[in-house]
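need a structure here:
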Amino acid sequence: MNIRALIVDDEPLARQRLRDLLADESGIEVVGECGDGGSAVVAIETQTPDLVFLDVQMPELDGFEVIESVGADRMPATLFVTAHDRHALKAFEVHAIDYLLKPFDRKRFHEALERARIWVGRSHEIPARMASLLQDVQDSRPPLERILVRSGDHHLLLKTTDIQWIEAEDNYVRLHVEGTSYLVRQTMGRMLERLDPARFKRIHRSSIVNLDCVKELRPWFHGDYLVLLTDGTKLTMPRTYRDQIVHLK
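Just a heads-up that it's a prediction; the model follows:
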């Protein structure tokens, strides 16, 4: 079985090291290299590799944010490459997901690769493991600062502080930013977990607001509120959600 592999690491020497090691392995075709998380998401979606060597610590989008952007249910078999990160390593071990701890030697690389070959053949088990892994590492991660969004035929790296409000759309969320919007495959609950809780509040089952963009609150019918944003957007906030925001304004 020939395995199509993608290498993702922000360090050129680390990418070259992996490429050199893979050159000595049979049945592996390196289909690309990426030096950042944004290009990794695009490469995974367009090249559909069977296996990804994914660095955990990268600027802008880290390895876990790459998985979130692609979607745990659409990730191929993944072999994580990381410097020492106690919580992440524990999570990998709990979910039986293999990793390479930098620096690693040829023997350790070969062992990890052999296990990765097995996972390539058991791809139906990957989504559940990836979803569980993301949930496990959630508490140790800082709030999301950037998110990758699709705009036409390309992607943009959007600062979360620029998001004015978020709207639920079936299995997606729509991010509203200065007169335009972007559709992201994510749930409202998961999105709220990843955002800064001091800045973003849920005011409705289907809407989250950036408090910096809230201009005014007006009493509405039956104890509900009308939330006016700085761009003129009007949202309703049921009384069951008012404790999320009323005491802050």
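
now stretch 221-231: buried residues?
Asp224, Tyr225, Val227, Leu228, Leu229 (16 or more other C-beta atoms under 10 Å). For every residue, glycine as well, the C-beta is placed using N, CA and C.

Gln244 versus the closest residue to the fourth one other than its chain neighbours, what's the distance?
The shortest distance from Leu228 to any residue other than its chain neighbours is 4.3 Å, reached at Glu216 (C-beta to C-beta, 6 or more residues apart in numbering). If you measure Glu216 against Gln244 using C-beta to C-beta, to the nearest Å, the figure is 16 Å.

do the same with Leu134
From Leu134 to Gln244 the distance is 25 Å (C-beta to C-beta).

hmm, Gly37 is touching Leu148, no?
Yes. With contact defined as C-beta atoms under 8 Å, Gly37 reaches Leu148; the gap is 7.5 Å.

follow-up on the earlier one: so of the buried residues of stretch 221-231, which ones are in strands?
Tyr225, Val227, Leu228, Leu229 (DSSP state E).

circling back: looking at Gly37 and Leu148, which one has more neighbours?
Gly37 (26 against 23; other C-beta atoms under 10 Å).

number of nearby residues for the residue nearest to that one when sequence neighbours are not counted?
In this structure, Gly37 finds its nearest non-sequential neighbour in Leu61, 2.7 Å apart by C-beta to C-beta, 6+ apart. Other residues near Leu61 come to 23 when the count uses other C-beta under 10 Å.

hang on, Leu61 packs against Ser39?
No. With contact defined as C-beta under 8 Å, Leu61 does not reach Ser39; the gap is 9.4 Å.

now the common contact residues for these two.
With contacts taken as C-beta atoms under 8 Å, 6 or more residues apart in numbering, Leu61 and Ser39 have no neighbour in common.

got the buried residues for the least confident helix or strand in the chain by mean pLDDT?
Here the helix or strand of the chain ranked lowest by mean pLDDT, DSSP states H and E is helix 86-94, holding a mean of 77. Buried residues in helix 86-94, counting neighbours by 16+ other C-beta under 10 Å, are found at Ala88, Ala91, Phe92.

nearest to Pro76, of those residues?
Phe92 (16.6 Å; C-beta to C-beta).

and the closest residue to the closest one other than its chain neighbours, what pLDDT?
Closest residue to Phe92 apart from its sequence neighbours, by C-beta to C-beta, 6+ apart: Tyr99 at 4.7 Å. On the pLDDT scale, Tyr99 is placed at 89.

count of neighbours near Tyr99?
20.

quick check: bridge partners of Leu175?
Beta bridges link Leu175 to Ile166, Tyr182, judged by DSSP bridges.

distance of it relative to Arg205?
17 Å.

measure Ile163 to Gln186 for me?
Using C-beta to C-beta, Ile163 is found at 12 Å from Gln186.

so the two - more neighbours on which side?
Ile163 (26 against 20).

overlap in contacts, Gly37 and Leu148.
Residues touching both Gly37 and Leu148 by C-beta under 8 Å, 6+ apart: Leu61, Glu65, Ser69.

verify the stated contact: the second one with Gly38.
If I follow you right, that is Glu65. No. Using C-beta under 8 Å, Glu65 is not in contact with Gly38; the gap is 9.6 Å.

before we move on, the earlier item: Leu175 and Arg205: which has the busier surroundings?
Leu175 (23 against 10).

I figured the more buried one was touching Ala168, is that so?
No. Between Leu175 and Ala168 there is no contact under C-beta under 8 Å: 11.3 Å.

where does Leu192 fall, secondary structure wise?
Taking DSSP states H and E as the criterion, Leu192 maps to helix 188-194.

quick one: the residue nearest to Gly37 is in a helix?
No. Counting by DSSP: H, G, I helix; E, B strand; the rest coil, Leu61 is located in no helix; its state is coil.

please report how far it lies from Arg117.
Note on Leu61: its distance to Arg117, by C-beta to C-beta, is 27 Å.
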